[in-house]
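S.K.: pasting the structure only:
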């Protein structure tokens, strides 16, 4: 009972500490300018406390961790993906409007003010930089010379070794510095330290900020853009006006040229319209869609044919060593998928692969499995059948075992042959419970990303497409390529395609659920 | 079963044996070939299935030992395979443990408790389990980037983040465990409650000990699922030392740098334990599979 007492004493302190910790994190998220995320986190935390502290939702105490995990990592990503599908989110339009504007406003360039020639002087093991107004360092006139000297500045001692972060360094007037000028470093030594020098930002006593502007000089820095209105930036140098275009997600000038980076905006059904209207995109998209369906359907068909045949043969009681056969036949399923796929990738290699060596020795042919689209597709189907038949075999074995033996006895009395047995008794009896599993298998292969990504990565590619697309790409691998690989990281477009796939998968699962429900009364 | 057999039976059995043996030879060829290749010297070696000259150079590299090549140069292991294997095992074991914990409690609620929306939640879980994570990768990446800003050890490029991401995939396991709970008579727990046990005690001390076998199965399934998971790990982990085996292995077979022999040794080394675990647990896993799970 001691345990429970401790539990009672600790309950409230622990609750309060946890609550405060959670609120602190939520507040942190809110402060960083993401109120939506903060609200979501707050809702989740509040729900957790409600569930664990009241007796109203007793059953949900057991459910909460699992459901919360699914909500955050399955449901929310799906909804978020759908939302991204309506935006132009991509590597060029990565930032929100405010952050893109802030980024542009932070950009600096060498300005037009006073340039300074600089020289580097040794100070012990470190260095000091001397700045002299450019073009006036060899003044003869004593008056002017004094004036030039007044505007000659010196930095504190700097190591000039490591790439220091670009924090500002305050320079002082040469006169005020207690430093005896010595022989400046030769130009070659200065050039060696160019990397470090170009990172320095030096604040002069008169307030100007100068940066490295060439091997011999430092120049003032100015902002590239000025904010001149709510949605308006002006180029400081030329006065060119750029207006934020909230339809395209870029700052644009009158000529329609736009600034990088753009910002994230909603573009409605733009991505979907592109899927349907843009002929350059539609062509490969349709082909990929067709191949995806063909691939998934043929995989199910082949694995069913091989797996079911094996199950029937292995169910034959007159056959010996059935357990041994079954274990060996199960092997492809037991080996981790990513390893066997990569093994096949090596074995199918055109010149070095064992498969082509065998084919060459037997028939004198060396098919190019990875370069020819048709052969690549054949290879994918072979590999996937190898990977998938044990699953169907196991399923069929279980279902065949459940068939009452007297049916076969009766058919034997009638003099039926094995084939008749299969098509008249076995097949009709197993197809119904098998159907939902086959649909699940179809849906799984429809999205069999790992196989394509590791085996061919979609290659060989279609020629002449703007968005790289492969002849062996299925929809998911194509989406992955658009989002994370070669074609400019177009997250918005990828998310739109994902959304389409979501709905296709949802249709399949719905059909599946319906079939399961139809089957249930019979199974019980 | 007493079925009258004809004379052709003997021949048919022989044919079946021959067919099965031929088929098994075809099916196991890739697996035997990869073992053979791992023992051949050089990365481009060809030869018969039983290597004529044995060489353990690939195995040394796979185990992280550098060796002296014939021309005297020291050959360093190309990739930290053991490190990757350790990463994989760590991520898979922790996530499998947490998945078992989470899905057991949820399955208990579904099997024993009455609450609103029960059927709705169950059905939507069934639907959700069919959505592959690869479709929502952009969103998942964005989520972990955001999480990482506040909790660095759960962000992108951390194993904590990957484990957290795997916790979302519990739907199938909840189904499996719930099916098992349904087979245990409710009366046993009710007796415990009559004796004064709370709900949680009845669950913890009565039901759980009886459900250990199915929990082991779910653990193994979740563990293997974690080892072979590729898409999520491939976007959350990028640095070489951080990778899991599933993500790292493909770097062996790049066009420009084709380390076929080294890959073979690494594949056998890492694939064998997982294969054995799977074969060992096969009997229990099969019963879970028929419940509708699909392995990649």
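M.R.: The structure has been received and is ready for your questions. If you're wondering where the values come from, they're calculated on a predicted model, not measured in any experiment. Numbering: from 1, shown residues only, chains lettered A, B, ... in the order given.
S.K.: tell me which element residue A:202 falls in.
M.R.: strand A:201-203 (DSSP states H and E).
S.K.: show me what the helix or strand just after that strand is packed against.
M.R.: Using DSSP H and E, the next helix or strand after strand A:201-203 towards the C-terminus is strand A:209-212. Here strand A:209-212 touches strand A:201-203, strand A:217-223, going by 3 or more Cβ pairs under 8 Å, 6 or more residues apart in numbering or on different chains; DSSP states H and E. For glycine as for every other residue, the C-beta is placed from the backbone atoms N, C-alpha and C.
S.K.: adjacent strands (with direction) for strand A:209-212?
M.R.: Sheet pairing for strand A:209-212, assigned by DSSP bridges, gives strand A:201-203 (antiparallel), strand A:217-223 (antiparallel).
S.K.: I'd like the average pLDDT over it.
M.R.: The average pLDDT within strand A:209-212 is 78.
S.K.: just give me the neighbour total for residue 143.
M.R.: By default, I'm working from chain A. 8 (other Cβ atoms under 10 Å in any protein chain shown).
S.K.: my bad, the chain I had in mind was chain B
M.R.: Residues near residue B:143, counting by other Cβ under 10 Å: 22.
S.K.: let me know the pLDDT of the residue of the stretch 51-200 of chain B found nearest chain A.
M.R.: Nearest to chain A, among the residues of the stretch 51-200 of chain B, is residue B:168, at 2.7 Å (Cβ to the nearest Cβ). Note on residue B:168: pLDDT of 80.
S.K.: and the strands in chain B?
M.R.: B:67-68, B:74-75 (DSSP state E).
S.K.: mean pLDDT and distance to residue A:299 added to those, as JSON lines?
M.R.: Below are those laid out as JSON lines (pLDDT from 0 to 100; distance: least, Cβ to Cβ, whole Å):
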{"stretch": "strand B:67-68", "mean pLDDT": "74", "distance to residue A:299": "42"}
{"stretch": "strand B:74-75", "mean pLDDT": "76", "distance to residue A:299": "40"}
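S.K.: just name the most buried of those.
M.R.: strand B:67-68 (a mean of 12; mean count of other Cβ atoms under 10 Å in any protein chain shown).
S.K.: just checking: what are the partner strands of that one?
M.R.: strand B:74-75 (antiparallel).
S.K.: re the thing from before, once you drop chain neighbours, what's closest to the residue of the stretch 51-200 of chain B closest to chain A?
M.R.: Spatial nearest neighbour of residue B:168, excluding adjacent residues (Cβ to Cβ, 6 or more residues apart in numbering or on different chains): residue A:73 at 2.7 Å.
S.K.: confidence score at the one you found?
M.R.: 80.
S.K.: same check, this time on residue A:348
M.R.: 90.
S.K.: check contacts around it.
M.R.: A:355, A:356, A:369, A:370, A:379 (Cβ atoms under 8 Å, 6 or more residues apart in numbering or on different chains).
S.K.: okay, now the domains of chain A?
M.R.: For chain A, automatic domain parsing gives the domain ranges A:3-62, A:108-223, A:278-519.
S.K.: look at stretch B:53-71 and report the distance between its end residues.
M.R.: Criterion Cα to Cα, to the nearest Å; first-to-last residue distance in stretch B:53-71 is 18 Å.
S.K.: buried stuff in it?
M.R.: For stretch B:53-71, a neighbour-count test (16 or more other Cβ atoms under 10 Å in any protein chain shown) marks B:55, B:57, B:58, B:59, B:60, B:61, B:62 as buried.
S.K.: again, but for stretch A:205-220
M.R.: A:208, A:209, A:210, A:211, A:212, A:213, A:217, A:218, A:219, A:220.
S.K.: tell me the contacts of whatever residue of the stretch 1-150 of chain A ends up closest to chain B?
M.R.: Residue of the stretch 1-150 of chain A nearest chain B, by Cβ to the nearest Cβ: residue A:73 (2.7 Å). Residues counted as contacts of residue A:73 (Cβ under 8 Å, 6+ apart) are B:140, B:143, B:164, B:165, B:167, B:168, B:169.
S.K.: now the residue most central in space within chain B: closest residue in space that isn't a chain neighbour?
M.R.: With distances taken as Cα atoms, centre = their mean, residue B:224 lies nearest the centre of chain B, 1.5 Å away. Nearest non-adjacent residue to residue B:224, counting by Cβ to Cβ, 6+ apart: residue B:278, 6.2 Å away.
S.K.: what about the helices in the stretch 201-350 of chain A?
M.R.: Here the stretch 201-350 of chain A has its helices, by DSSP state H, counting those that start in this stretch, at A:270-277, A:279-314, A:322-334, A:337-347.
S.K.: how about the second one and chain B, touching?
M.R.: Yes: contact between helix A:279-314 and chain B, assessed by Cβ under 8 Å from any Cβ of the partner chain, occurs at A:310, A:313.
S.K.: helices or strands next to that helix in the packing?
M.R.: So helix A:279-314, by 3+ Cβ pairs under 8 Å, 6+ apart, packs with helix A:270-277, helix A:322-334, helix A:373-401, helix A:427-446, helix A:475-484, helix B:9-39.
S.K.: what's the angle from the last one to helix A:279-314?
M.R.: Same thing as helix B:9-39. Counting by axes from the mean of the first three to the mean of the last three Cα atoms, to 10 degrees, helix B:9-39 lies at 130 degrees to helix A:279-314.
S.K.: what helices or strands is helix B:9-39 leaning on?
M.R.: Other elements packing on helix B:9-39 under the criterion 3+ Cβ pairs under 8 Å, 6+ apart are helix A:279-314, helix A:322-334, helix A:337-347, helix B:57-62, helix B:260-289.
S.K.: in that helix, what's buried?
M.R.: B:16, B:20, B:23, B:27, B:30, B:31, B:33, B:34, B:36, B:37, B:38, B:39.
S.K.: what about that helix, distance to the chain center?
M.R.: 26 Å (Cα atoms, centre = their mean, to the nearest Å).
S.K.: equivalent analysis for the fourth one, please.
M.R.: For helix A:427-446, the distance from its own C-alpha centre to the chain's C-alpha centre is 32 Å (Cα atoms, centre = their mean).
S.K.: check contacts around the nearest residue to residue A:104 once chain neighbours are set aside.
M.R.: In this structure, residue A:104 finds its nearest non-sequential neighbour in residue A:225, 5.3 Å apart by Cβ to Cβ, 6+ apart. Going by Cβ under 8 Å, 6+ apart, residue A:225 touches A:104, A:105, A:107, A:233, A:234, A:235, A:236, A:242.
S.K.: residue A:225 pairs with what?
M.R.: Under the criterion used here (DSSP bridges), residue A:225 is bridged to residue A:235.
S.K.: gap between it and residue B:228?
M.R.: Note on residue A:225: its distance to residue B:228, by Cβ to Cβ, to the nearest Å, is 50 Å.
S.K.: what's the answer for residue A:472, then?
M.R.: With Cβ to Cβ as the criterion, residue A:472 and residue B:228 are 21 Å apart.
S.K.: repeat for residue B:282
M.R.: Distance, residue B:282 to residue B:228, using Cβ to Cβ: 16 Å.
S.K.: out of these two, which sits in the busier spot?
M.R.: Using other Cβ under 10 Å, the more surrounded residue of residue B:282 and residue B:228 is residue B:228, with 22 against 17.
S.K.: surely that one is in contact with residue A:335?
M.R.: No: judged on Cβ atoms under 8 Å, residue B:228 makes no contact with residue A:335 at a distance of 9.8 Å.
S.K.: what do those two both touch?
M.R.: Counting by Cβ under 8 Å, 6+ apart, the residues touching both residue B:228 and residue A:335 are residue B:274.
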